[in-house]
Structures are given as structure tokens and as C-alpha cells.
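A.B. asks: With the input below, show me the fold.
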Amino acid sequence: MSVSPPRHLTLIGAGLAGSLLATLLSRRGWRVTVYERRGDPRVADYESGRSINLALAERGRMALRRAGVEDAVMARTVMMRGRMVHPRGGGTPQLQRYGRDDSEVIWSVHRKNLNTTLLQLAEDAGARFHFHHRLHTVDFDAGHARFIDDRDDQPRDVHFDTPLIGADGAGSALRAAMNRRAPLGERTEFLDHSYKELEIPPGPDGRFRIEANALHIWPRGRYMCIALPNDEGTFTVTLFLPNEGDPGFATVRSGAEARALFAREFADALPLIPHLCHDWEQHPPGLLGTLYLERWHLGGSAVLLGDAAHAMVPFHGQGMNCAFEDCVALADLLEAHPDTAEAFAAFEAERKPNAAAIQQMALDNYLEMRDHVADPGFLLQRELERELQRRWPTRFVPHYTMVTFLDTPYAVALERTRQQQRILAQATAGHATLEHIDWKALQQAVHAQLPVLPGAH
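C.D. replies: Sure, this is the predicted structure:
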């Protein structure tokens, strides 16, 4: 009886998606080689100041489960029950739950902790990593790639006879190489906002200084501040400001100006951030944009996934979760299709519409977090949404539930969300409370327009 030799793949990028895909494939018997431009984050200083905390949702956990690494990752997470909204003027913060109870929550995890955990698990599964290898050029016909070691600016030439997978982020070097070979129809739309990362340290006793199990948010209309917990008692604070205007990054430049902004707009947060001025001046603003491609692959030679294919703004907390779904889908399709070109084409056909949907929902959620979470009309619609879910839980499934607590395809979630938004807006128009809602008409609308959603309960 003959045994088929293991199939080979070369991954560019040892970040979150690259490490998870390397684990998935290595555990299925593939030989996986990974090249990463940075040093090994397990032994080198991790890049800081440009890393918004990550929110792990159910679809991301399902991908981790498939790879057999969920328990190792969850040990470094902190549960978040909902948004803790801090009003302007120092009022009492109010928790807006994400779900119905503690079975419907999300989990905060620091990027460094997650990356080092996944990288070690991939290496344990058999993947081979080469750090300090920045992809420079690719000759797809000759199967030749040149990498540069930024420590000494020396080239490293590598011959490969395997397909290339780009998991190297929004600034993907493999995508650039693919574009030079055949344009992918690339387009990036940047927001007119950027972000700064700050930190709330633990209290003197090492504990969290504010409620640990929540995503804290200070919504202020055109700008906002958020804080996500880390398992060592810190919070990663991210301030989102317009690039222009006042306040904006064009006018708030120095640490002293940032401190004055916080004293005026986020007064209860200011005492919690002792190193605000230092971190403000040390951490450059991070850009926020959405990457669109017409094509994700070059025949059977190369394919992109995660941020390299569909980077999005971070306001739905789904960039990582979407990338993890990409990893599972690609691993399954590579197993199902011995022809790599067929696998890559099927992957693009399956995932591209869903990526476009969550990109749009992430943009929508920015407006919700920034402008709507303190709006009475928005809060009334959320109250009605919860009641409709209670009455007809398999039909009226809140947007956040579909995206975060179920694995409803993103494209389906977007379509149903639009329909549900119309129902909510029509039912609450002209009302300040739910006292005069026409429940019979609502029941007819829900049953006529919303079929039972698989997985809802």
C-alpha cells in the first residue's frame, strides 16, 4: 500500500492568521514553512503602540476549537459582558449588555499574548518558522523569492515549489508581489480618523482599577475613547480622533494638549492613565482603513487571507474572527481539492462576499459606538429588539447575536440586519416608550419577513 507524501505550503506572515493556519494544516499532516519579517515575539520586544486589543467572539473560538488550541488561548482572556458607557459630565457609567446573559459575551485578549501562544502551538504541531525574513520580491514562474533581513540589510534567496499563502497583514508584501504580476484590483478607503494607544495600569494591589468584565467606552460624537481589559490587570486604551479639526490629531499634538483634551472630555479616565503624556508622544497615530480587492488569488500560485485580503476598521471586533474563519475555510478546501487552483478559487468564492459584509458592518458599528449608544431613539430600538428576541427568538435575532454569538455567515447577517432595522424603525417611529407598540402588526411583520435562523435559540 502506497502512502501519499505530505503536501507542502509556504506561508508569509507568522501573525495570528498565519500561526493558526500553520497549526490547522500541520496537524493534518501538511509540511508548512512560515516566513516572518519580525523577530520571534517570544524572545524579542513586541511592537507596541499600534495594537488595538482583540475581541474574541464565538466564530473565532470555533476556529480555535477546530485547531485544538481553544483552551490554551482562553486561559489568557478576560470576559466582557457588554459596553460600559461613560457619559459626558461624570455621570454613572451604564452597562449595555451584548447578549441575554453571561452565555453571550466576548473575550478580550492582548495581541502579543495571543500571537505568542498561537505561534508556539504551531511550532509544536510541526510548522517551521524563519524570522527576520521580510519578503522583497517573488518570481512566480521560477519559484524564487528574495527576503531581506532588516538586521543587516542582507538578502536571503529562497527557492520554493509550493503555493504561497499571504497572511502578512494589511501591508502585505505578498499582495504587492501578486499585484506586480497581475493587478488584483486593489483599493483602500481610509477613514478621516486615526487612533492612539494608551494604557491603564493595575491598582496598587495588582487588580483592575475599573470594572474588569466590560468594554469601556466614552462616546463623544465625532470622537471616542475605549478601554479593553487584559489578563494582567491592565486596560488597553484607544482614543479615536479625526485627523483634522479641533479636537483632532492636527490640533492635539503634544502630551500636554492630550492631557487637556482628556481633562475636558474624558475626565473620569484621566486619573487612570498616569503615563498619558509619555505614551501620547511615543506612540504614532495608527491609520484606519478598509482594503478591497477584486481578486484574492493568482491561479494555484498564491492566495491571500485575513487582513492581507480584506483589512477592515476595528469597530466590530471581527477582523481577527473573520481571519480565523478564513483559516478554517482554506484548510478545509485545500483538503477537499487536490488541485490548489481549484481550492483557492473556491476559497475566494466562499469568503469574499462574507468579508465584504463584515467590512460594511464594521463601518456601520463605528457610527453606532461613536454617535448612537447614548441616543434615546437608539436605546428604545435596542429595548424593542430585546423584547422581539424574547418573543420570537428563532426569527428576530439581534444583529450582534448573529455576528458575535453565532456563526451565521456575515452576508446573511447583514441582509437580516437591514430588514430588522427597518422593522424597528417603523415600530418605534413617533414613540418615546414601548407602551403603544402594535404587537400584532409586529408579529405579522416578523413572521412574514424573517424566516427561522439556523442556530438561533
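
A.B. asks: How far away from the center of its chain is the lengthiest helix in the chain?
C.D. replies: The longest helix of the chain (DSSP state H) is helix 340-367. Centroid separation between helix 340-367 and its chain, computed with C-alpha atoms, centre = their mean, to the nearest Å, is 13 Å.

A.B. asks: Only the buried residues of that helix, if you could.
C.D. replies: Taking 16 or more other C-beta atoms under 10 Å as the basis for neighbour counts, the residues of helix 340-367 that come out buried are 340, 343-348, 350-352, 354-366. Using the backbone N, CA and C atoms, a C-beta is placed for each residue, glycine as well.

A.B. asks: Heading C-terminal from it, find the next helix or strand.
C.D. replies: Past helix 340-367, heading to the C-terminal end, the next element that is a helix or strand (DSSP states H and E) is helix 376-391.

A.B. asks: who are the neighbours of that next one, in terms of helices and strands?
C.D. replies: Other helices and strands packing on helix 376-391, by 3 or more C-beta pairs under 8 Å, 6 or more residues apart in numbering; DSSP states H and E, are helix 410-428, helix 439-449.

A.B. asks: Highest mean neighbour count out of those?
C.D. replies: Of all the helices and strands packed on helix 376-391, helix 410-428 carries the top mean neighbour count, a mean of 17, counting by mean count of other C-beta atoms under 10 Å.

A.B. asks: what's next to that one, contact-wise?
C.D. replies: Helix 410-428 has contacts (C-beta atoms under 8 Å, 6 or more residues apart in numbering) with 318, 322, 353-358, 360-361, 377, 380-381, 384-385, 388, 396-399, 402-403, 408, 434, 437-438, 441-442, 445-446, 449-450, 453.

A.B. asks: 7 Å - rerun?
C.D. replies: In this structure, residues lying in contact with helix 410-428 by C-beta atoms under 7 Å, 6 or more residues apart in numbering are 353-354, 357-358, 360-361, 380-381, 384-385, 396, 399, 402-403, 437, 442, 445-446, 449-450.

A.B. asks: Same check on stretch 60-78?
C.D. replies: Everything outside stretch 60-78 that qualifies as a contact, by C-beta under 7 Å, 6+ apart, is 20, 23-24, 27, 56, 107-109, 113-114, 117-118, 121, 212-213, 229-231, 320-321, 324-325, 327-328, 407.

A.B. asks: In that stretch, which residues are buried?
C.D. replies: Across stretch 60-78, burial judged by 16+ other C-beta under 10 Å covers 60-64, 66-67, 69-70, 73, 76-78.

A.B. asks: rewinding a little: which among the contacts of stretch 60-78 end up buried?
C.D. replies: Buried members of the contacts of stretch 60-78, counted by 16+ other C-beta under 10 Å: 20, 23-24, 27, 56, 107-109, 113-114, 117-118, 121, 212-213, 229-230, 320-321, 324-325, 327-328, 407.

A.B. asks: Include mean pLDDT when you put the helices and strands packed on helix 376-391 into JSON lines, please.
C.D. replies: What follows is the helices and strands packed on helix 376-391, written out as JSON lines (pLDDT from 0 to 100):
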{"stretch": "helix 410-428", "mean pLDDT": "96"}
{"stretch": "helix 439-449", "mean pLDDT": "95"}
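
A.B. asks: any chance of those helices in TSV, plus distance to P314?
C.D. replies: Compiled in TSV, the helices and strands packed on helix 376-391 are given as follows (distance: least, C-beta to C-beta, whole Å):
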stretch	distance to P314
helix 410-428	16
helix 439-449	31
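
A.B. asks: so which of those comes closest to A173?
C.D. replies: Among those, the nearest to A173 by C-beta to C-beta is helix 410-428 (26.9 Å).

A.B. asks: Check the offset of the closest one from the chain's centre.
C.D. replies: Centroid separation for helix 410-428 versus its chain: 23 Å, with C-alpha atoms, centre = their mean.

A.B. asks: Alpha carbons of it, in CSV - could you do that?
C.D. replies: Extracted as CSV, the C-alpha positions of helix 410-428 are listed here (Å, rounded to 0.1, in the frame of the first residue of the first chain):
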residue,chain,number,x,y,z
TYR,A,410,-21.7,37.6,7.6
ALA,A,411,-23.5,38.2,4.3
VAL,A,412,-26.7,36.6,5.8
ALA,A,413,-26.3,38.6,9.0
LEU,A,414,-26.0,41.9,7.0
GLU,A,415,-29.1,41.2,5.0
ARG,A,416,-31.2,40.2,8.0
THR,A,417,-29.9,43.2,10.0
ARG,A,418,-31.0,45.6,7.3
GLN,A,419,-34.5,44.1,7.4
GLN,A,420,-34.7,44.1,11.2
GLN,A,421,-33.6,47.7,11.3
ARG,A,422,-36.5,48.7,9.1
ILE,A,423,-38.9,46.8,11.3
LEU,A,424,-37.5,48.5,14.5
ALA,A,425,-37.5,52.0,12.9
GLN,A,426,-41.1,51.7,11.7
ALA,A,427,-42.4,50.3,15.0
THR,A,428,-40.8,53.0,17.2
